[in-house]
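Peer 1: From the sequence below, what's the structure:
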Amino acid sequence: MPTDYHAEHVGSLLRPPWLLAARDAHEQGTLSTQELREAEDRAILELIDLQERAGLHVFTDGEARRESWRAGLLESLDGVVPASRTMRWYRDGRELGPEETLTDGVAVTAKVSRKQDLTGVEARFMAAHAPGAFKITMISASMGGMVWDPRLSAQAYPTLPDLVEDLAGLQIEEIGQLIDQGVRWIQLDSLSYNQVIDPAASGSARAGADPRTVLDMAIAVDSRIVRAVKSMNPDVTVGMHICRGNYRSSWISQGSYEPVAERLFSEVPVDRFLLEYDTQRAGGFEPLRFVPRGEAAPTVVLGLVTTKVPQLEDQDELRRRVEEAARYVPLENLAISPQCGFASGSLGNLITVDDERRKLDLVASTARQVWG
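Peer 2: Predicted coordinates:
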C-alpha cells in the first residue's frame, strides 16, 4: 500500500468539447463505435499529460469513457429500464430547477448482470499508457438504492438489501477481473452515508429509509467489498470517496461526518478515505478523532480544494487546514486533494480547463511544501 502519495485527485476531469461532440455524433449514428473509442483514447492521453504536468503521481483516465461517475449502475448494468428520479440540488444559495440538474436514471426490473466491461477497457488502456500508478474508480454497490424502485423492482428484488447483495457480488467479481489484469488501486465512490449525515437531503434511494438502517447496510456492504479485495490481493490499495453531491457545480447534502465517523472509520478497512472538506458544509475535522492509528492506519485525503468554482484557494490557508487536521490524524497519514471530481457528469462543473489545471497544480505543490 502506498503511504507516500500525499497529492491525489478524485477521478473525473473535464472532457474536451470535441470529445463531447464525438459522443453526440455516435449517439446520432454518424460516428462509429471504433471512431468514438479512438476519440476517447486521444482525450485520455491528454488528461494523463495534464495530471503529469501538474506533478501528480497517481493517475486516472478522467472517467472520459463514461457519461457520469454513476456508470457502474447506469451504463454497465443489464436488467434495468429508464426511470426518472428527482433530487434537490443547490448552487449559489438557491435550489435548482429540474432543467439544471440530474433527472435521468434507471430502475432494476430483472436480475442484474453486467452488460459491458467498462472498467476492464479503462484498465487495459491505463496499464499501457499511465506513467505511474493508476486507479480505477467505481460507484459502490452500497448505493444500490439509486436503482431500486419499490414499485418496479419488487418482482425481481422484494427489498433493497436483496438487490444490494447481488450488486456486491457483481462488483467483487468485477474487481477480481481487474486485479487479474494487474490493477493495484481501486476507489469506491460511496455516497450512501449522505443519508445519515443529512437525513433532510433527498438521498440516493427512491424509498426513504431509517438513517440507522442505511448506515448498517452501507457499512456491511462496503466492508464486505473491501475485505474481498484484500483477500484476493492484500497489496491492492482500496480508497473510498465521500462527498455531498457534485454536478454542474451544485450539491445535494450537508453536514458533519460525526453521525457516521466512529463506525465508518473503524469498520470499513480501506487504505485511503477521500473526504470532502472544501466548505463549511462538511463540518470540522473533529470526527477524524475516530480514524485508527498505528501501523495499518489509513490515509485521510483531505478534499480541501473545490472543483465547483474557479477561484483558487490560498496555499497558506490550505497548509493551515492540514495542520489543523493533524491534531486528529498524524501528519504522515494525511494527504490533500480536490473535494470531488471536476466532471462527475460529462458536461463538467462550471469552470475552465485552465481553472482545473491551476487547481491540480495547487494540490501537488501544496503537498510538496507540506510533506516534501
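Peer 1: Now do the top strand by length along the chain: everything it contacts.
Peer 2: Longest strand in the chain, counting residues (DSSP state E): strand 106-114. Strand 106-114 has contacts (C-beta atoms under 8 Å, 6 or more residues apart in numbering) with 73-74, 76-83, 147-149, 152-153, 155-157, 163, 166-167, 170, 174, 206. Just so you know, the C-beta spots here come from the backbone N, C-alpha and C atoms, and that holds for glycine as well.
Peer 1: Just to be sure, which of those are found in helices?
Peer 2: Judged by DSSP state H, helices contain the following of the contacts of strand 106-114: Leu73, Leu74, Leu163, Asp166, Leu167, Leu170, Glu174.
Peer 1: Now rank those residues by neighbours and give me the top one.
Peer 2: Neighbour counts for the ones in helices among the contacts of strand 106-114 peak at Leu167, which has 26 neighbours (criterion: other C-beta atoms under 10 Å).
Peer 1: so how far is Trp69 from that one?
Peer 2: 16 Å (C-beta to C-beta, to the nearest Å).
Peer 1: do Ala83 as well
Peer 2: Taking C-beta to C-beta as the measure, Ala83 falls 19 Å from Trp69.
Peer 1: So for the two, which sits in the more crowded spot?
Peer 2: Between Ala83 and Trp69, counted using other C-beta under 10 Å, the more crowded position is Trp69 (25 against 17).
Peer 1: Report the distance from stretch 212-221 to the chain centre.
Peer 2: 18 Å (C-alpha atoms, centre = their mean, to the nearest Å).
Peer 1: If you count neighbours, what's buried in that stretch?
Peer 2: Val214, Leu215, Met217, Ala218, Ile219, Ala220, Val221 (16 or more other C-beta atoms under 10 Å).
Peer 1: following whichever strand or helix holds the first one, which helix or strand comes up?
Peer 2: Just to be clear, that refers to Val214. In this assignment (DSSP states H and E), Val214 forms part of helix 211-232. With elements assigned by DSSP H and E, the helix or strand that comes after helix 211-232 is strand 237-242.
Peer 1: circling back: from the contact counts, what lies against the helix holding Val214?
Peer 2: For helix 211-232, the packing partners by 3 or more C-beta pairs under 8 Å, 6 or more residues apart in numbering; DSSP states H and E come out as helix 160-180, strand 185-189, helix 194-197, strand 237-242, helix 258-267.
Peer 1: Grab the CA positions of the lowest-mean-pLDDT helix or strand in the chain and hand them over as CSV.
Peer 2: One helix or strand of the chain scores below all others by mean pLDDT, DSSP states H and E: helix 71-74, with a mean of 86. C-alpha atoms of helix 71-74 as CSV (Å, rounded to 0.1, in the frame of the first residue of the first chain):
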residue,chain,number,x,y,z
ALA,A,71,-21.6,4.4,-14.9
GLY,A,72,-21.4,1.2,-12.9
LEU,A,73,-25.1,1.4,-12.2
LEU,A,74,-26.5,3.4,-15.1
